[in-house]
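S.K.: sequence unknown, structure follows:
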C-alpha cells in the first residue's frame, strides 16, 4: 500500500515573510555576532531534539496565528457594533428619540452568535463532504492495482475501448468509464499465469478493502444522518430566531419609552455631575480657608502656651513672695515675744510701783527730811526713763505692723491681677474651643457632602458603564482617584483637628490645675490674713492693758487712734462686713413658683418633659431588701445633655421633675420625634455609688398629631433579674409649645444622636469613679465635649435679707447653654441624702493625688523621663494611673488626680476579703500594707525598652484599723528601689479602707 501523506501539512497557516535585500543585509549584519554563538550552542544539541523543538515552535506559531485571527475577527465585530451604536445614537439624538435598549443589542449579539454557529456547521459539513469524496477516491484507487507492464495488448475482445480511443476523451469521462467497468473486469478478466502467484494476496487485500469500504460506508451514512439532523436543528433555530425577532420588534416599541426615561435621567445625572464638580471646587476653596484657620489656631495656641509659661513664672514669683512673707511672719512672732517680755516687765514695774508707793507713804509719814525726798525724786526720774523706753518700743512695733499691712495690700493687689489674667485666659480658651467646634461642624458637613457625591458618582458610573466606551471608564477612574485624594486630605484635616482638640484638652487640664493652684494660694493668703488679724487683735488687747497706767495720757490717746485705724483697715482690707445677695432657687420650691419667660427666636421651639412618679411593685421591694430605697431617674433627649432627677426615698417616689429643651424645628428634629425613642433608666443610690435597676422606652410621635399635652404611662423592666422583675408604672407628660418656623433653620447632623448615646455611656462609667468630695463640691452633669463648672459670687443688696449665695453655671463649648442650680443642687442632694456606709464596707477607695521628687539620682538620671504610679494589694491585680507624666524637677510636683476602687465583697472578691481577715487575725503577718510603686515609662521613640521600678511607698492597713482613721491627702515617703534607706520623694495619697476593715472585723467576730 502506498504511504499516506500528512494531511495537516496543507492546512497549516504559515506567515508570509517577504524580505527585501536591504532588510536581509541589515539582518545579516545585526545577527553576525549572534550566529556564531548560536551555532556553538546548536552544535551541542542533537538532531532529534532540534527537530522536536522546531515542530513545537511551528505548532505554537500556528496556534498563535489562529488565536490572532480570532481576535482580529472579534475586534472587527466590536468596531462594527461600536460604529453602529454611534450612528444609532446620532440618529436618535437628531430624531429626538432614545437609543435602542440593551435587550435589542443582546438579541442582535445572540443572532450573530447563532449565525456564526451556522457558518461553523456549514464548514464542518463541507469538510465532511470533502472527506467523503476523498475516501471514495482512495477506495477506487486502491481497488485498481497496476500491472507489471504499462500496456498489454489483449488477445480477446473484451468489449473495452483501447487507449487510443480513450485518449481523445476528457478526464472525468475516462475516470467514470474506468470506475464503471471495474466490476466487469474483475468478473470476466482471465488472469495470465504470471499473476497466479499473487492472486491469493490480492484476494485477501480485496477482502480487507471491502471491509474498510463497508466501515466507511457506515461512517458516511452516520455523517449523512448527522448532516440531516444538523439541518433540521438549523431550520428549527432559524424559526426560533424569526420568532425571537418578532418578539423583539414587539418589545422594541414598548422599550423606547424606557429609553426616553433613561435619557432624561442621563441628562439629570449630567447636570448633577456639573453641580457636584462646582461644589467640589467650592469645597477646595473652603478647605484652603480651613487650612488658614488651622494655622491661625496654631499661632494662637503657641501664644497661649507662652502665656501659660508667663503664668508659671508669676507663680514661682508668688511662691518666693510667700516664702518671704513666712520669714516676715517669723520676725513678727519674734517681735510678739519681745512685746510679751516687755509686758511682763511692765507688770513687774507696776507691782514695784505699787510697793514703792506704799513704802513712800510710810516713809513720808515717818520721815520728813530733804535727802529722802531727793532719793525719791531720783527714783521717779528713773521710772520715767523706763516708761519712755517702753513707749519707743511700742512705737517700733506699730511701725512694723504698718509695714506688714502695706505688704498685705500689695499681695492682695497682685492676687487680683492674677485672677483677672486667669479669667482672660479662660475667655480666650472658650473662644478657641468655639472655633474648634465650628471647624468640627464644617468637617462633618464636608464628609457628608463627600459621601453623597461618592454615592451619586457610583450610581452614575454604573449606568454609563453599560452604554459608553472605555474612555469614559478611564475618566471614571480619574474621578475616583480625585475623590480618594480629597477623602485622604479630609481625613488628614480631621486628624489634625483631633490633635488640636487633644492639645486643647491638655491645655484645659493645665488651666484647671493653674486655677486650683490659684485657689490654694488664695486660701493660704486668707489664712495668713486671718492669722495677721488675730495677731493684731492680740496686740491691741495687750496695748489696751497699758491704758491702766494713769500717768501715760498722751500714749493712751495714740493707742486709741491706732486701734480705731486698725479696725477700719481690718474692715476695708479683709472685707469682714457681710454682703447682701439674692436668694437661690432651691429644688424644693414648687414648679409654679419659679416661672421664667423664655424668648424664642424664629425657628425655635420649647419642648418640656415632666417625670411625675414611680410605683414599685411588691416583688421589686422584695428584691431591693429595703422598704425606703433611694432612687433617681436619668434620660437623654435628642442631642442635649443627660438629665437627672433628684433622689427620692420611698416605695412610690414622687420626683415632679420638669426639664425644658430649646430645639430647632427642622426636619432632623421631626424625624427624631417620629422614629426614635428615649431610654429612661431608674437607678438606686448606694452612698456615693449607684446601680441601674430598670429602664423603659418613651416615644413622642403622638406629639406631632396632637397640639396639646400628651400623657403616657410606661412599664419599667428590670435589667438583671427578669424572673423577679419589678413592674412599675410611670406617669410622664410632654408639653409642646409651638413657635414660628423659618426656612433657614439650622439642621442638625444625624451623627449627634450617636455621639450623645456614646457620651451617656461614658458618663455612666465616669459617675462610678467619682469620689465623695467631688459629689459634694461639683455636679455630675457633663456635656458632649467638656464641661467647666464655675462658681461666681453675685452680691445683691436687699432690704430684709443678708445672705451669701453661690450661683453655679455650667458653660459648655458645644451648645453654649446655661443650666442653673436645680439640677446641680439635686445632685448635691444625692450625695448628701444617700450618704451611707453600705459600699464603704465592700470597697477600698484609693486616690493618687500628686508626686514630688527630691534632689537624688532619679532627678539627675536623664534616661528617666515619664513616670506613672502603680498600686497593688498583696499579689492581686495591680491598678495604675492611666497616664505617665513628665518627671518633675526637684522641689516640684506632678498631679495625677487618679481615683480607683479595690472591691473586697464576698461574692466576687473572696480572696481579697480573706487577705484582709488575715491582716486583722495575724498580727505577725509581714505583708500587711498597700504598696505604691513609682515606675519609669520608656519614651515613645524607644518603646522596645521595658518599664523600670524606681521607687516604692507603703500604707499600713493595720495602722489604719488601729488608729481608726483613714489616710486623707497625706504625704508618704517614696523609697529608692536600689537603696531602701534613701527617700527620693513624697507621694500624696488618700486611702479609705476603715469601713472595709470594720466590716471584716465584725465578720470575724461573728465567725
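M.R.: Done, it's in. Source: prediction; values computed, not measured.
S.K.: Packing partners of the helix ranked longest in the chain?
M.R.: Looking across the chain with DSSP state H, the single longest helix is helix 199-366. Contacts defined by 3 or more C-beta pairs under 8 Å, 6 or more residues apart in numbering; DSSP states H and E place helix 199-366 against helix 102-143, helix 370-465, helix 470-545. All C-beta spots, glycine's among them, are computed from the backbone N, C-alpha and C.
S.K.: With mean pLDDT, distance to residue 885 and mean neighbour count added, can I get those in CSV?
M.R.: Formatted as CSV, these follow (pLDDT from 0 to 100; distance: least, C-beta to C-beta, whole Å; neighbours: other C-beta atoms under 10 Å):
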stretch, mean pLDDT, distance to residue 885, mean neighbour count
helix 102-143, 79, 68, 13
helix 370-465, 74, 21, 14
helix 470-545, 76, 11, 14
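S.K.: quick one: which of these is nearest residue 652?
M.R.: The minimum distance between residue 652 and the helices and strands packed on helix 199-366 falls on helix 470-545, with 41.8 Å, by C-beta to C-beta.
S.K.: quick one, the closest one and helix 199-366 angle?
M.R.: Calculated by axes from the mean of the first three to the mean of the last three C-alpha atoms, to 10 degrees, helix 470-545 forms an angle of 10 degrees with helix 199-366.
S.K.: The chain should start at 23 in everything you say after this.
M.R.: Let's use 23 as the start, then, which means that last one is helix 492-567.
S.K.: quick revisit: can you put the helices and strands packed on helix 221-388 in TSV and add distance to residue 989?
M.R.: Shown next, in TSV, are the helices and strands packed on helix 221-388 (distance: least, C-beta to C-beta, whole Å):
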stretch	distance to residue 989
helix 124-165	82
helix 392-487	32
helix 492-567	20
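S.K.: Indicate which one of those helices is closest to residue 906.
M.R.: Comparing the helices and strands packed on helix 221-388 under C-beta to C-beta, the one sitting nearest is helix 492-567, at 13.7 Å.
S.K.: The helices and strands packed on helix 221-388: which one's closest to residue 362?
M.R.: helix 492-567 (7.8 Å).
S.K.: could you give the angle of the closest one to helix 392-487?
M.R.: 170 degrees.
S.K.: Which other helices and strands does helix 492-567 contact?
M.R.: Helix 492-567 packs on helix 221-388, helix 392-487, helix 575-595, going by 3+ C-beta pairs under 8 Å, 6+ apart.
S.K.: For whichever helix or strand comes after the last one, buried residues please.
M.R.: When you say that, I think you mean helix 575-595. Using DSSP states H and E, the next helix or strand after helix 575-595 towards the C-terminus is strand 626-637. Neighbour-count burial for strand 626-637, counted by 16 or more other C-beta atoms under 10 Å, picks out 626, 627, 629, 631, 632, 633, 635, 636, 637.
S.K.: Looking at those, which one is closest to residue 561?
M.R.: residue 633 (60.2 Å).
S.K.: Hmm, residue 653 and the closest one touching each other?
M.R.: No. Contact criterion C-beta atoms under 8 Å: residue 633 and residue 653 do not qualify, at 11.6 Å.
S.K.: that older thread, right, so of the helices and strands packed on helix 492-567, which gets closest to residue 901?
M.R.: Of all these, helix 221-388 sits nearest to residue 901, with 30.9 Å by C-beta to C-beta.
S.K.: tell me the angle that closest one makes with helix 124-165.
M.R.: 150 degrees.
S.K.: Who are the contact partners of residue 650?
M.R.: Contacts for residue 650 (C-beta atoms under 8 Å, 6 or more residues apart in numbering) come out as 671, 672, 673.
S.K.: Now do the SS call for it.
M.R.: coil (DSSP: H, G, I helix; E, B strand; the rest coil).
S.K.: low-scoring stretches of the stretch 873-1022 of the chain, by residue?
M.R.: 945-950, 965-966 (pLDDT under 70).
S.K.: Which residue ranges of it form strands?
M.R.: 888-895, 901-902, 907-908, 915-925, 951-959, 970-978, 989-998, 1005-1014 (DSSP state E, counting those that start in this stretch).
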